[in-house]
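Student: Below are the sequence and a predicted model; questions follow.
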Amino acid sequence: MLKLFVADDEIWVRQGLRMTIDWAAYGIQWSGEAENGEDALRIIAEDTPDIILTDIKMPCMDGLMFMEELKKRGITAKVIFISGYNDFTYAQKAVQLGAFDYVLKPLEVPVLLEIIQRCADEIRLEKEQQERLRQLTGRIRESLPLARQRFLESCLMEGRVPPDMDKKWEMLYIGLNPERLLVVAATVHEWKVKGLNESGFSLLCYGLGNMAEELYATAGYRCLACPLNSHETVDVAVILSPPDAGSVLDAAAITQKWITEADRILGLKISAGLSSILTRPDLSYALKEALTSAANAFYSGFGSCHLPDSRTDIVYRTAGVPMDPAWSNRFVYALKQRDSQQLNALLDEQSEYIYSLRESMPALAVRRTGNLAAQSVLTKWQELLARSPACGELMPTFEQSLRLNRFVLPNMKQVFLSVFSSGGANAAPNPKHTIQLALEYIHNHYKTNISLSDVASRLYLNPSYFSRIFHQEMGETFSKYVIHLRLKKAKALLRQTPLRIYEIADEIGYKDVRHFVKTFKETEGVTPAEFRDNAI
């Protein structure tokens, strides 16, 4: 129901309008009245109406000054002027300045109702259009990133250039320079989240990509992150457009910062490899070059980035050496016997063998050999457990299988022993540090139009995950916390300052005074004005 407010210095006009018309029958609620513009502004600050019917000539503040003040305060109610014949020119000027319409005295109810009905219909139409636009914008925002990611993934993963590549590039608003592109391939090796499933890992990679985009953008790079959920060894690819003077070495410095921040903020230990600077049709090759670079982390361990190999004789090759079935059989037998000494000896043997391949094979192929060894053991271990229902609790989880596929040679023994045992799970994460960072950000930005997504993206977290841990740690939802914080600040301002209600609303982050008053009353049981009166 729309709200109507009347400002007129003649009491018989106000009373007549209020008492002789059944406003509810027209879907309108009488929200208040005043005899001049100053009083009207004070009342409207408490409860903003949708339609304001005001006399053009009033004491203290006339209708035109009243309308100007409404605009200054951001009150968007539709204004209809009541005008005498002598004020007809002023009424026309008011319409030119943005008033909806005017009605002449003496008031004729049918004429007045016709104008108000048109005004109400326009307001309802505007609200419907705004809602449709909001929904459409939301759907576009939700679908565009997914379509963009799928297109970029096809550009990276497919060996051929996708058809209509140039056209799709523009349609999906990919703001990258097609003549200067560099790919960073990142792999996640360790994480702090306990009991990680496939969906949870995808969210971590999404947060990792968001962090990369912000860090590179801060350094002047245009970039887009693309989680590669289906890739065997790479979790996130970042496509960069370096500045004209930017080099691969410059990008490597930012990438190293990304690796450091991922560990500090997200608790993710990653490694990364870079490609050279290529053009749009070469994106697939750029990913292969970045993969070849990233594979060097298999020897050195996670925590560093690797430049593209300058030797022209290095050929992209992923085929590893087939696994010796005898070794995997002996390993599974030692697992069954719980022979820790034999397990350690077999892992040392396999680690030395894989490392020896470094001189004769590219790093990516050596890494593939290690993955083949892990997969061979995992498959045989799962087959053995499947035949023994009593050992079902020992079946490796998604998280353990993922860890097994992300090991590096320096921690091969640790990963294998943790996965193929019942006590291999990581310790639970401690989200207190994350929430502390969130609270600092909230308390510094509560005056702005802050949202859960804003804070989550600031911490490089998925909004759903952040919402859950915030509720767990604080005992209330994010939105309620922000409301309570704002109202706490509002109450202090009401007690300690002479600021007006609309000024206080703006000071604590409410652009809509009506929303502030409504929220305050729902939470505190009184309006802000009543709270101030009681506090005196």
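Tutor: Perfect, thanks for sending it.
Student: In the protein, which strand is the longest?
Tutor: Longest strand of the chain, by residue count under DSSP state E: strand 182-190.
Student: Who does it pair with, and is each partner parallel or antiparallel?
Tutor: strand 236-241 (antiparallel), strand 269-274 (antiparallel) (DSSP bridges).
Student: Give me the mean pLDDT for that strand.
Tutor: Strand 182-190 shows a mean pLDDT of 93.
Student: So which bits of it are buried?
Tutor: 182-190 (16 or more other Cβ atoms under 10 Å). The C-beta positions use only the backbone N, C-alpha and C, and glycine is treated the same way.
Student: those helices in the stretch 151-300 of the chain, which residues are they?
Tutor: For the stretch 151-300 of the chain, the helices defined by DSSP state H, counting those that start in this stretch occupy 165-171, 198-218, 248-261, 283-294, 297-300.
Student: Let's test this: mean pLDDT of stretch 9-23, rounded?
Tutor: 90.
Student: starting at the chain centroid, how far to that stretch?
Tutor: Here stretch 9-23 shows a centroid-to-chain-centroid distance of 50 Å under the convention Cα atoms, centre = their mean, to the nearest Å.
Student: middle-most residue in this protein, spatially?
Tutor: In the chain, the C-alpha nearest the mean C-alpha coordinate belongs to Ser453, at 4.3 Å (Cα atoms, centre = their mean).
Student: what's the helix or strand hosting that one in contact with?
Tutor: Assigned by DSSP states H and E, Ser453 falls within helix 452-458. Where contact means Cβ atoms under 8 Å, 6 or more residues apart in numbering, the residues beyond helix 452-458 that reach it are 210, 438, 441-442, 445, 462-463, 465-467, 470, 478-479.
Student: In helices, which of those residues fall?
Tutor: Cross-referencing those against helices under DSSP state H gives 210, 438, 441-442, 445, 463, 465-467, 470, 478-479.
Student: Of these, select the buried ones using a PyMOL command.
Tutor: To isolate the buried ones among these in PyMOL, judged by 16+ other Cβ under 10 Å, type:
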select buried, resi 210+438+442+463+465+466+467+470+478
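Student: If we only consider the ones in helices among the contacts of helix 452-458, which is nearest to Pro528?
Tutor: Ser479 (19.9 Å; Cβ to Cβ).
Student: Show me what counts as buried in the worst-scoring helix or strand of the chain on mean pLDDT.
Tutor: Lowest mean confidence among the helices and strands of the chain (mean pLDDT, DSSP states H and E): helix 88-96, at a mean of 74. Within helix 88-96, the residues that count as buried by 16+ other Cβ under 10 Å are 90-91, 94.
Student: before we move on, what about stretch 56-73?
Tutor: Quick answer for stretch 56-73 (16+ other Cβ under 10 Å): 56-58, 61-64, 66-67, 69-70, 73.
Student: Most widely separated two among those residues?
Tutor: Longest span within these, Cβ to Cβ: Lys57 and Arg73, 21.7 Å.
Student: Arg280 touches Met165, doesn't it?
Tutor: Yes: at 6.8 Å, Arg280 and Met165 qualify as touching, with contact defined as Cβ atoms under 8 Å.
Student: where do the contact lists of these two overlap?
Tutor: Cys155.
Student: Which one's more surrounded, the two?
Tutor: Higher neighbour count among Arg280 and Met165: Arg280, with 19 against 15, using other Cβ atoms under 10 Å.
Student: Would you mind listing the residues in contact with the residue nearest to that one when sequence neighbours are not counted?
Tutor: Once flanking residues are discounted, Arg280 sits nearest to Pro178: 3.7 Å by Cβ to Cβ, 6 or more residues apart in numbering. Shown in contact with Pro178 (Cβ under 8 Å, 6+ apart): 166, 169, 279-280.
Student: C-terminal to the least confident helix or strand of the chain, what's the next element?
Tutor: Next along from helix 88-96, by DSSP H and E: strand 101-104.
Student: quick one: contacts of that next one?
Tutor: Taking Cβ under 8 Å, 6+ apart as the rule, strand 101-104 contacts 56, 80-85, 88, 91-92, 94-95, 111-112, 115, 118-119.
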